[in-house]
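A.B. asks: Sequence first, predicted model second:
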Amino acid sequence: MPIYKCFKCGKKIQNTNLEKRFVCPNCGSKIFYKPRTRVKRVKAV
């Protein structure tokens, strides 16, 4: 289940909250982004 973040208030929003309308329930913004996960880099030996 993808989790989005509101661009304006920065709150995390689950996809289930955005089923009917793509609007932030906290601030009413319509701009979202999908935060990237951190990748751990390992040096090759």
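C.D. replies: Happy to help now that I have it.
A.B. asks: Low-confidence ranges, the chain, go.
C.D. replies: Within the chain, the ranges that satisfy pLDDT under 70 run 1, 17-19.
A.B. asks: Strands along that one, start to end?
C.D. replies: For the chain, strands defined by DSSP state E occupy the ranges 3-6, 12-14, 32-33.
A.B. asks: Nearest to F22, out of these?
C.D. replies: strand 32-33 (7.3 Å; CB to CB). Where you see a C-beta, it was placed from the backbone N, CA and C, and this is true even at glycine.
A.B. asks: And the closest one, what does it pack against?
C.D. replies: strand 3-6 (3 or more CB pairs under 8 Å, 6 or more residues apart in numbering; DSSP states H and E).
A.B. asks: Run through the neighbouring helices and strands of the strand it packs on.
C.D. replies: Using 3+ CB pairs under 8 Å, 6+ apart, strand 3-6 sits against strand 12-14, strand 32-33.
A.B. asks: Okay, now the sheet partners of it, with direction.
C.D. replies: Strand pairing for strand 3-6, using DSSP bridges, gives strand 12-14 (antiparallel), strand 32-33 (antiparallel).
A.B. asks: Any buried residues in the longest one, and which?
C.D. replies: Of all the residues in strand 12-14, those buried under the rule 16 or more other CB atoms under 10 Å are I13.
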